[in-house]
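**Q** All I have is the shape, not the residue letters:
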């Protein structure tokens, strides 16, 4: 049984956690309020770097260095070549990795981190563009060394950390990461990076699964193992043709005289029909099918199918071509198999 003192301690922890999250949210809001013409200038430099075959270097020390690794990874995943560089290692040989086509995104809360400042000073001499992200005055002339060295100096504002007694970076690193994400997305949009480009760079995992073409995951295809019948046949005849294909698909599709999708008749529909009126098996299929069912275009992605499943609670989704003719049937089990929908 939890004691009164334990309950009080838990309440204090919950309150402290909520305050930390609110403090970090305020830090992001403060950084957003400081955005001005310097931001698109920074995007200009980063985009130009990527377009001329350079790499966007990201450097910071300690916690800023870890944030830099994530920003660099985001840039690369969005099509802008990038790698992180340790400011201390740069002075011991890694400067040889840097070319004039590159640019530097330098991170330091104080703007006075010795190793980062030294790296920026060296690269400035070589004419490498530098973008800095530091805390400091809201606007006006930069007051820290790194900002003064930078081609473009971005600020996250005062970035007061979440607690006064434990001065681990919290608000400052959160705001820096958010600003780095904003830069990465802006560069991607400037370079017209598309969801197809993103898919090619993320073939694995759940994310890769969502970006696969829906045709890649179809088990049931018209003309092979998917029953497709014409308007006018009876339910009995339609089910007989479906049974002749062997393994059931869970549904059969109905087409009009032009071969375009007219309806869908599922196993669940059949069970309900037989239970209500066994004689209905001799009725025309169009009298019992679902007319004008929702369908996916053959150029759709798996994420489109997932959205349709979640919105409409469908277990079977027809897939059609440009002329509305069935090319296949997506079963919800196909989505479960690639782990983009839970079973």
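**A** Structure received. Since the structure is predicted, the reported quantities are computational estimates derived from the model, not experimental observations.

**Q** Next, the contact list for residue 297, please.
**A** Going by C-beta atoms under 8 Å, 6 or more residues apart in numbering, residue 297 touches 319-322. All C-beta atoms are positioned from the backbone trio N, CA, C, and that covers glycine.

**Q** Restricted to buried residues, select the residues you listed in ChimeraX.
**A** To isolate the buried subset of the contacts of residue 297 in ChimeraX, counting by 16 or more other C-beta atoms under 10 Å, use the following:
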select :319,320,321
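
**Q** Residue 284: which of the contacts of residue 297 is nearest?
**A** Residue 284 has its nearest neighbour among the contacts of residue 297 in residue 320, at 22.2 Å by C-beta to C-beta.

**Q** so the closest one touches residue 295, yeah?
**A** Yes. The pair residue 320 / residue 295 is scored as a contact, 4.9 Å apart, by C-beta atoms under 8 Å.

**Q** and for those two, which residues touch both?
**A** With C-beta under 8 Å, 6+ apart, residue 320 and residue 295 have common neighbours residue 261.

**Q** Could I get the contacts of residue 297 in TSV, plus columns for pLDDT and distance to residue 186?
**A** Formatted as TSV, those follow (pLDDT from 0 to 100; distance: C-beta to C-beta, whole Å):
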residue	pLDDT	distance to residue 186
319	95	35
320	94	37
321	94	37
322	94	35
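
**Q** can you list the contacts of residue 297 in TSV and add distance to residue 274 and secondary structure?
**A** Below are the contacts of residue 297 laid out as TSV (distance: C-beta to C-beta, whole Å; DSSP: H, G, I helix; E, B strand; the rest coil):
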residue	distance to residue 274	secondary structure
319	28	strand
320	28	strand
321	33	coil
322	36	coil
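
**Q** If we only consider the contacts of residue 297, which is nearest to residue 50?
**A** Residue 50 lies nearest to residue 322 out of the contacts of residue 297, by C-beta to C-beta, at 35.2 Å.

**Q** Which phi and psi values does that closest one adopt?
**A** Backbone dihedrals for residue 322, given as degrees, to the nearest 10, come out at phi -60, psi -30.

**Q** who touches the residue in the chain sticking out farthest from the centre in this structure?
**A** For the chain, the largest distance from the centre (C-alpha atoms, centre = their mean) belongs to residue 279, which lies 51.4 Å off. By C-beta under 8 Å, 6+ apart, residue 279 lies in contact with nothing.

**Q** what do you get for residue 221?
**A** By C-beta under 8 Å, 6+ apart, the contact set of residue 221 is 327-328.

**Q** how about residue 229, secondary structure?
**A** Here residue 229 is recorded as strand under DSSP: H, G, I helix; E, B strand; the rest coil.

**Q** and the nearest residue to it once chain neighbours are set aside, what does it touch?
**A** In space, and not counting its chain neighbours, residue 229 is closest to residue 238: 4.5 Å by C-beta to C-beta, 6 or more residues apart in numbering. Neighbouring residues of residue 238 by C-beta under 8 Å, 6+ apart: 227, 229, 252, 254, 265, 285.
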